[in-house]
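J.: Give me a model of this one.
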Amino acid sequence: MLFRSLLAHRITAPTPHIHSPFLRRLSAMSARPAPPRIFDPPPVRGKLALDKIDRGAFQRSVPILAAKIPAAESTKFMRAPEMRSAILNAAKVRVVEPVEAEPDRRLLLLQADTEAEIPSEALTFLRENGASIVPFAVQLDYTYWNAEEILKAILPEEALDGLPTSFAQTGHLAHFNLRQAYLPYKHLIGQVVLDKNPRLRTVVNKLDTIDTEFRFFAMEVLAGEPDFVVTTTESNCKFTFDFSKVYWNSRLSTEHTRLVDAFQPGEVIADVMAGVGPFAVPAGKKGCLVLANDLNPESYRWMKENIEANKVQDAVRPFNIDGREFIRTALSEIKSHPFPPLPPRVTQKERRELRRQRDAGAPSPSPTSSPAAPAPPRRRIDHYVMNLPGSALEFLDAFRDAYAPGSEAEDGEPRPMVHVHCFSRELEPEKMEKDVCERATTYLGAPVTPDMDGFNLHLVRSVAPNKNMACLSFRLPEFSA
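T.: As a prediction, the model looks like this:
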């Protein structure tokens with residue numbers, strides 16, 4: 001039926017012979033340019049201010065028909081096969097309504113506004129079961145439509161292509177990267193998004209300027225509270241930080257998980273540009289031992305709080321020094337101050353059994369398996385993580401000092417794996433591999449090639465139409481004297 005097609009936001013071609021007045025009206029509407037659909041917002045484009053939302057302008061009354069039925073038989077009417085195509089099918093609209101002053105009756109909303117629109121089998125069923133057909137008006141207001149529908153109704157038609165309704169969310173804060181064309185409507189966009197997402201309290205737009213030293217973006221508040229201290233969860237860890245003063249990207253959660261999954265419990269990880277801890281804290285929770293560094297004092301401050309909040313103080317040590325200095329001194333740090341052996345890990349099954357026995361008041365049972373003896377102190381680094389894609393490759397030169405011939409790194413143990421994030425404007429895999437390897441070779445001062453031990457070039461994500469983020473992994477080679 002055409003009525004159902006419109007409710008489902010589809011337009012069907014008019015039939016050659018239209019007898020229903022309702023269908024004739026809809027057919028006439030379809031001949032006009034850009035017709036309003038039955039449950040679309042009211043036509044307010046050009047009538048409202050574009051710097052703030054006028055919620056009261058979004059009122060719409062949709063006339064339809066309803067069947068007045070016995071309240072006790074509502075389920076029978078709704079489930080009847082004859083009624084399947086006759087009941088109103090509109091998102092967020094209840095199909096059964098009470099009848100004022102008649103508590104024993106209900107209104108079952110129908111997908112028609114004249115009896116001619118009701119399927120014959122449904123009309124027969126209603127009459128045979130004592131139902132009467134009455135008019136009804138569905139009342140819609142601002143709360144009915146989503147953010148995209150509201151903005152499409154308000155903004156100029158030339159602004160509808162690429163409408164910015166998607167955003168990244170971190171805790172209670174949503175952040176946009178609005179294009180220049182949408183800046184005149186930025187506060188309107190922010191308010192509508194805030195209205196339509198109850199979990200949000202703050203909406204911001206990132207500005208073009210970026211802090212050159214600590215790599216966080218300047219931002220402006222579009223709507224809501226100027227509260228930038230957020231709490232979010234990732235990898236079963238809780239992170240709290242000031243979003244306006246540190247770097248955090250929710251779109252990198254898969255990459256954080258991918259690398260942490262590659263680490264083994266007991267391995268030592270040196271996180272050179274650790275931020276607030278998205279690699280370091282989950283790795284520590286997994287049973288890795290982590291040296292976590294960031295130059296930004298705000299990142300360092302919140303990283304320490306996140307280490308405490310997630311109870312990984314014994315596994316993660318925070319540092320606040322330059323990345324090159326950290327690479328040059330991390331090995332000395334772990335050799336002179338190795339992590340003490342961590343207690344043996346207890347399996348989830350053993351924890352549940354211990355908890356069950358404790359709650360029952362019974363003596364604590366012996367573990368189902370003998371826990372492994374504590375591992376000896378680790379005095380070498382197994383992995384370096386360098387997650388600063390804009391410049392991390394440039395820090396590879398510090399490894400020549402830390403792992404130079406004759407240094408304390410020359411102890412016969414396996415060389416560490418290096419995982420360095422970077423950008424590339426080469427989109428074809430072979431060209432991107434060549435580009436990244438050439439730049440890594442230049443900064444490392446030693447060949448970085450696909451045939452070296454542990455080599456992997458992983459495409460993390462596309463950050464722009466002509467720009468990819470990748471993670472280059474390789475085992476640190478021997479340096480010549």
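J.: where in the chain is pLDDT low?
T.: Low-confidence segments of the chain, defined by pLDDT under 70, are located at 1-37, 209-216, 342-348, 362-375, 408-412, 481.
J.: Now do V268 against K152, distance only.
T.: The gap separating V268 from K152 is 54 Å, by C-beta to C-beta, to the nearest Å. In this view, the C-beta of every residue, glycine as well, is placed from N, C-alpha and C.
J.: The two: which is more packed in?
T.: V268 (22 against 18; other C-beta atoms under 10 Å).
J.: Any idea what that one is bridged to?
T.: L289 (DSSP bridges).
J.: mind listing the helices for the stretch 51-200 of the chain?
T.: Assigned by DSSP state H, counting those that start in this stretch, the helices in the stretch 51-200 of the chain fall at 74-79, 120-128, 147-154, 186-196.
J.: The longest one: how far from the chain's middle?
T.: Yep, that's helix 186-196 we're talking about. Mean-position distance between helix 186-196 and its chain equals 18 Å (C-alpha atoms, centre = their mean, to the nearest Å).
J.: what packs against that helix?
T.: In this structure, helix 186-196 makes packing contacts with helix 147-154, strand 173-176, strand 202-210, strand 217-224, judged by 3 or more C-beta pairs under 8 Å, 6 or more residues apart in numbering; DSSP states H and E.
J.: Surely E267 and Y384 touch.
T.: No - the pair E267 and Y384 does not pass the contact test of C-beta atoms under 8 Å, sitting 11.6 Å apart.
J.: Could you pull out the strands in the stretch 301-450 of the chain for me?
T.: 316-319, 383-386, 417-424 (DSSP state E, counting those that start in this stretch).
J.: which helices and strands sit right next to the last one?
T.: Contacts of strand 417-424 with other secondary structure elements, assessed using 3+ C-beta pairs under 8 Å, 6+ apart, are made with strand 383-386, helix 429-444, strand 467-475.
J.: closest to E100 out of the helices of the stretch 51-200 of the chain?
T.: Closest to E100 of those, according to C-beta to C-beta: helix 74-79, at 16.6 Å.
J.: Out of the helices of the stretch 51-200 of the chain, the one nearest P429 is which?
T.: Minimum separation from P429 across the helices of the stretch 51-200 of the chain (C-beta to C-beta) falls at helix 147-154, 35.0 Å.
J.: okay, the angle between the closest one and helix 186-196?
T.: 140 degrees (axes from the mean of the first three to the mean of the last three C-alpha atoms, to 10 degrees).
J.: Please tell me how far the nearest residue to P376 once chain neighbours are set aside sits from D208.
T.: Of all residues not flanking P376 in the chain, P341 sits nearest, at 6.5 Å (C-beta to C-beta, 6 or more residues apart in numbering). Distance from P341 to D208, counting by C-beta to C-beta: 50 Å.
J.: Pull the residues that contact stretch 461-473.
T.: 251-252, 255, 259, 389, 393, 417-427, 432, 436-437, 440, 448, 454-460 (C-beta atoms under 8 Å, 6 or more residues apart in numbering).
J.: start to end distance for it?
T.: Terminal residues of stretch 461-473 lie 16 Å apart, using C-alpha to C-alpha, to the nearest Å.
J.: Could you do stretch 283-298 as well?
T.: End-to-end distance for stretch 283-298: 21 Å, by C-alpha to C-alpha.
J.: Check stretch 459-478 too.
T.: With C-alpha to C-alpha as the measure, stretch 459-478 spans 26 Å from end to end.
J.: Same check on stretch 340-353?
T.: Taking C-alpha to C-alpha as the criterion, the two ends of stretch 340-353 lie 28 Å apart.
J.: ok so, going back, of E267 and Y384, which one has the most company?
T.: Neighbours were counted for E267 and for Y384 using other C-beta under 10 Å; Y384 has more, 24 against 20.
J.: okay, the helices and strands packed on helix 186-196 in a markdown table with distance to L126 next?
T.: Converted to a markdown table, those look like this (distance: least, C-beta to C-beta, whole Å):
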| stretch | distance to L126 |
| --- | --- |
| helix 147-154 | 33 |
| strand 173-176 | 47 |
| strand 202-210 | 48 |
| strand 217-224 | 48 |
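J.: Of these, which stretch is the most buried?
T.: strand 173-176 (a mean of 22; mean count of other C-beta atoms under 10 Å).
J.: helices or strands up against that strand?
T.: Using 3+ C-beta pairs under 8 Å, 6+ apart, strand 173-176 sits against strand 168-170, helix 186-196, strand 202-210.
J.: tell me the phi and psi of the nearest residue in space to L476 that is not next to it in sequence?
T.: Nearest residue to L476 in three dimensions, chain neighbours excluded: R415, at 4.4 Å (C-beta to C-beta, 6+ apart). The phi/psi pair for R415 (degrees, to the nearest 10) reads phi -70, psi 150.
J.: and R415, how far is that from A330?
T.: 14 Å.
J.: Could you check how many residues crowd around the closest residue to M452 other than its chain neighbours?
T.: Excluding its sequence neighbours, the residue lying closest to M452 (C-beta to C-beta, 6+ apart) is F474, at 5.5 Å. Counted with other C-beta under 10 Å, residues neighbouring F474 total 22.
J.: Enumerate every residue touching F474.
T.: So F474 contacts 417-418, 440, 448, 452-456 (C-beta under 8 Å, 6+ apart).
J.: between R415 and A330, which one's more packed in?
T.: A count of neighbours by other C-beta under 10 Å puts A330 above the other of R415 and A330, at 23 against 18.
J.: May I have the residues that are in contact with that one?
T.: Applying C-beta under 8 Å, 6+ apart to A330 gives the contacts 270, 291, 293, 381, 384, 402.
J.: now do W248
T.: Contacts of W248 by C-beta under 8 Å, 6+ apart are 170, 232, 239, 241, 275-276, 278.
J.: Closest to K47 out of these?
T.: Nearest member of the contacts of W248 to K47, counting by C-beta to C-beta, is T170, at 35.5 Å.
J.: Any idea what the closest one is bridged to?
T.: L173.
J.: gap between it and I69?
T.: Distance of T170 to I69, computed by C-beta to C-beta: 49 Å.
J.: next one: K245
T.: 61 Å.
J.: more neighbours, these two?
T.: I69 (22 against 17).
J.: Mind checking which of the contacts of A330 land in helices?
T.: Among these, the ones falling in helices (DSSP state H) are A402.
J.: Spit out the contact partners of P63.
T.: Contacts of P63 (C-beta under 8 Å, 6+ apart): 113, 135-137.
J.: With D40 instead?
T.: D40 makes contact with 149, 153, according to C-beta under 8 Å, 6+ apart.
J.: Around L109, how many other residues sit close by?
T.: 21.
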